[in-house]
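Novice: quick one, structure for this:
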Amino acid sequence: MKLLDQYRRLHAFLQTHAQQPGLPALAQAMHCSERNMRNLLAKMQQRGWLNWQAGRGRGNHSQLDLLQTPDSLALDHLSHLLARGDLEQAFASLEDGQRQQLAARLPEYLGVPDSACRSLRMPLFRKVESLDPLKVHGRLEAHLARQIFSRLTTFDHQQMRLQPAIAHHWESENNATIWHFWLRPGLSFHDGAELGVEDVRATFLRLRDQSFTYKALYQHLLNVDTGPGQRISFYLSRPDHLWPHCVATANSSIVPRQRHADFERFPIGSGAFRLIRNNPYQLTLQAFKDYYRERPLLDEIDLWMLPPPSGPSGFDLQFGYSNEDCNKKESLVGAESGCTYMICNPRCHLFKSAEQRLAFADWLAPDTLFDKNGPARRPAVGMLSIWKHRVAKANKLNPFKPGSKLRMVSGQTKEMLMLAQAIKDRLEAAGLQVEWRTFPVNELIAREWLPGTDLLVTREVMHDDQDFGCYEWFAADSVFRRWMPASTAAQMDRDLQKVQAQPDSQKRMRAYARIGRQLVLEGWVIPLSHENQQVSIAPHVAGVRMTPFGFVSFNELWLRR
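Specialist: Residues are numbered from 1 along each chain as shown. Model (predicted):
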């Protein structure tokens, strides 16, 4: 960029002169010697920016013709950087307004960058938060953690069962209060360090002692012991047949004992992909050659942060991007496992009793808030789509006094904003005053907004293991737990401990349904909708397989030629 900046100064100087002022004047204007000025002109001519012929003999002036404008050269330079995927350098020298203009052009460069390289570029529409498994909360971050890190076990959603991961075998004793896992030999982290039983031990003690939102998943862990043959043993304070499921979650990803200060942004894992770039504009994953399982089919996954579409995008994810063959793009739609729901704060005088909360649910009539035949969502009558807990009675009698004030909070995804706006409109049409605040993912998790909130519109997307996903949903430090009486939360904990002690998955699912039904019938949770995940697939991308979690494993993707 230094030569381009010099050309910009030269171009500006010559705009003030009707005739070529001569080499001495040019050197003075550029604050260099005549010799250096000749070298600059020669370099610029070699690039095709200008045409310069030195004058020969006394009285013969040199000839200088500018062939390019600085703006066109800057655009060409930026285009070259974008084509090779160097977004950070492309944006570095721009002002905010110019960065917005350049960001709008990014989709033009999202195609396959090199026919000889197995690399896939994909757009993202929000920044990535912490990638430390201890602090992973959002669905996007959980998915990326699954690509970067490995876990003791993994859940195969096609076979609907746990499979070995870096632990090749496990077994329990003493009524599922002790669990033994045996690690595969020869495991390593992305930096070449060995992954051993001490890393596993340190990982789970860290989760037990430092977890926040999901502390209930690990607080019954008494001790972790290591033994011969790469054995790692977990000692629990109560029976837990879900423990092998727990160690398969993104939060349970194995991390090194020694971590550098910037681990949240540049984590070292042992998964199929290692992180090689993470800046405000892109995140790049590269295949890990020493991965313990089969090698990924792609060399790189390059995620570009794009401005969110101004209108309905029609998709949640794009696997690849193609400006051509738009009609050949494939779209997949799959139902997510989870629910979008509303939580009422019983400290608000309008929601103190279950009767008040249920009367609000009936008046709100969630199935009338959106198009029931639309592709994005469908009405919910239970916390899972397989549960039928309560159907709103569509009571048109307004349960609120006109002029009542409500403070509502929601996230900032487009789908969440649309639904929260519909709720706000209905409340205001009934004469209520609504203060609606929205927060990004990291601020929603921090919950500094909690004390001054009456209504929360939120969403739960469970991972592929629905059995453990239900336990995690009910046991986690959720807002409905924060707002319900301590006695109600304690009873839920006793019910969940009985679930942990139950070895039969079908019986566990029936127990979850009873817990969910109680939450709905007492108005702690008002189900609104079940979402559909929509995926757009470019013609050159193959291997996209939808899961209930809404993402696919990156190591299954490959490119058609």
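Novice: centroid residue for the protein?
Specialist: residue 140 (2.1 Å; C-alpha atoms, centre = their mean).
Novice: okay but that residue is in contact with residue 122, surely?
Specialist: No. Residue 140 lies out of contact with residue 122 (C-beta atoms under 8 Å); the separation is 11.5 Å. Every residue, glycine included, has its C-beta placed from N, CA and C.
Novice: and residue 174, how many neighbours?
Specialist: 10 (other C-beta atoms under 10 Å).
Novice: typed the wrong thing, it's residue 176
Specialist: Residue 176, neighbours per other C-beta under 10 Å, totals 19.
Novice: give me the distance between it and residue 420.
Specialist: Distance, residue 176 to residue 420, by C-beta to C-beta, to the nearest Å: 42 Å.
Novice: kindly report the same for residue 201.
Specialist: 44 Å.
Novice: which of the two has more neighbours?
Specialist: The residue with more neighbours, out of residue 201 and residue 420, is residue 420; 26 against 18, by other C-beta under 10 Å.
Novice: what pLDDT does the model give that one?
Specialist: The model reports residue 420 with a pLDDT of 95.
Novice: can you check residue 451 too?
Specialist: 93.
Novice: can you confirm it is in a strand?
Specialist: No. Assessed with DSSP: H, G, I helix; E, B strand; the rest coil, residue 451 is helix; it does not lie in a strand.
Novice: residue 359 reaches residue 399, doesn't it?
Specialist: Yes. Residue 359 lies in contact with residue 399 (C-beta under 8 Å); the separation is 4.4 Å.
Novice: list the contacts for the residue nearest to the centre of the chain?
Specialist: By C-beta atoms under 8 Å, 6 or more residues apart in numbering, the residues touching residue 140 are 124, 126, 128.
Novice: same question, residue 295
Specialist: Contacts for residue 295 (C-beta under 8 Å, 6+ apart) come out as 272, 287, 289, 555.
Novice: residue 451: which of these is nearest?
Specialist: Taking C-beta to C-beta as the measure, residue 451 sits nearest to residue 272 out of the contacts of residue 295, at 42.5 Å.
Novice: excluding chain neighbours, what is closest to the closest one?
Specialist: Leaving aside its chain neighbours, residue 272 sits nearest to residue 555 (4.2 Å; criterion: C-beta to C-beta, 6 or more residues apart in numbering).
Novice: tell me how many other residues surround that neighbour.
Specialist: Neighbours around residue 555, by other C-beta under 10 Å: 22.
Novice: looks to me like it is in a strand.
Specialist: No. Counting by three-state DSSP, one finds residue 555 to be helix, located in no strand.
Novice: name the helices or strands packed onto the one helix or strand residue 343 maps to?
Specialist: Assigned by DSSP states H and E, residue 343 belongs to strand 338-344. Under the contact definition 3 or more C-beta pairs under 8 Å, 6 or more residues apart in numbering; DSSP states H and E, strand 338-344 sits against helix 354-364, helix 414-429, strand 455-461, helix 479-483, strand 526-537.
Novice: try 6 Å
Specialist: Judged by 3 or more C-beta pairs under 6 Å, 6 or more residues apart in numbering; DSSP states H and E, strand 338-344 is in contact with strand 455-461, strand 526-537.
Novice: follow-up on the earlier one: got CSV for the contacts of residue 140, with distance to residue 472, pLDDT and neighbour count too?
Specialist: Output for the contacts of residue 140, formatted as CSV (distance: C-beta to C-beta, whole Å; pLDDT from 0 to 100; neighbours: other C-beta atoms under 10 Å):
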residue, distance to residue 472, pLDDT, neighbour count
124, 25, 78, 16
126, 23, 80, 14
128, 22, 88, 17
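Novice: strand partners (parallel or antiparallel) of the helix or strand residue 303 falls within?
Specialist: Element membership for residue 303 (DSSP H and E) is strand 300-305. When pairs are called by DSSP bridges, strand 300-305 turns out to pair with strand 119-124 (parallel), strand 282-287 (antiparallel).
Novice: out of those, nearest to residue 18?
Specialist: strand 282-287 (46.1 Å).
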